[in-house]
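Student: Need a 3D model of the following:
(one chain, ligands or ions: 1)
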Amino acid sequence: MRHPDQLRCTIATDPNGHVLGFQSLKYAVENNPYGVSVGWGVIGTHIRPSAARLGIGRALFAYTLDAAFAQGLPAIDATIGAGNTEGLAYYEAMGFRTYRTQDGSVSKVYRINR
Ligand SMILES: CC(C)(COP(=O)(O)OP(=O)(O)OC[C@H]1O[C@@H](n2cnc3c(N)ncnc32)[C@H](O)[C@@H]1OP(=O)(O)O)[C@@H](O)C(=O)NCCC(=O)NCCS
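Tutor: Model prediction:
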């Protein structure tokens, strides 16, 4: 959460404060380890398996998108393991589309229209 390139990290909790998941949005700087175009956002998501498919990921993305708009980002990258069918389906459902495939991973982009 305190990474210098962090733009937003949203945490979902239950009413008792137990963490159910999070979504991170980082800024892609020069020579970023993800090989993402400089100036784009880089997203990461994890939902506790027992809380999957309840709409938490969808709710988190609304906050992430707000941050991306506020920062003026042109696009957000999501890089997912090629065999991660739930991850691929989730980002596709959020509006991400495949733009690159590398050894064992699929990169999807969400383009932000203003
Ligand atoms: C992928 C993940 C982030 C989805 O989060 P979630 O809170 O379960 O997602 P939501 O319930 O908000 O689902 C939103 C939409 O994504 C799609 N989706 C989510 N999980 C899916 C699955 N297992 N199979 C197919 N589609 C899925 C659906 O279209 C869903 O909408 P619907 O439920 O109305 O059909 C979560 O399962 C997770 O953290 N998985 C492990 C880590 C991971 O793979 N992270 C992402 C890649 S790095």
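
Student: can you count the residues close to Glu92?
Tutor: When neighbours are defined as other C-beta atoms under 10 Å, Glu92 has 14 of them. All C-beta spots, glycine's among them, are computed from the backbone N, C-alpha and C.

Student: start the count at 228, not 1, going forward
Tutor: That works, and once the first residue is 228, the last one we named lands at Glu319.

Student: surely it meets Tyr337?
Tutor: No. Using C-beta atoms under 8 Å as the test, Glu319 is too far from Tyr337 to be in contact (10.4 Å).

Student: Now the helix ranked longest in the chain: buried residues?
Tutor: Using DSSP state H to define each element, the chain has its longest helix at helix 283-298. Buried residues in helix 283-298, counted by 16 or more other C-beta atoms under 10 Å: 283-284, 287-288, 290-292, 294-295.

Student: out of those residues, who's nearest the ligand?
Tutor: Gly284 (2.8 Å; C-beta to the nearest ligand atom).

Student: Pull up the gap between that closest one and Lys335, please.
Tutor: The gap separating Gly284 from Lys335 is 14 Å, by C-beta to C-beta, to the nearest Å.

Student: Now do the one residue sitting closest to the centre of the chain, the pLDDT please.
Tutor: Central residue of the chain (C-alpha atoms, centre = their mean): Ile270, 2.6 Å from the mean position. Ile270 is assigned a predicted lDDT (pLDDT) of 98.

Student: chain center to the helix or strand encompassing it: distance?
Tutor: In this assignment (DSSP states H and E), Ile270 forms part of strand 268-274. Distance of strand 268-274 from the chain centroid (C-alpha atoms, centre = their mean, to the nearest Å) equals 3 Å.

Student: Show me what counts as buried in it.
Tutor: Applying a neighbour-count criterion of 16+ other C-beta under 10 Å, one finds 268-270, 272, 274 buried in strand 268-274.

Student: tell me what it is packed against?
Tutor: strand 246-254, helix 283-298, strand 302-308 (3 or more C-beta pairs under 8 Å, 6 or more residues apart in numbering; DSSP states H and E).
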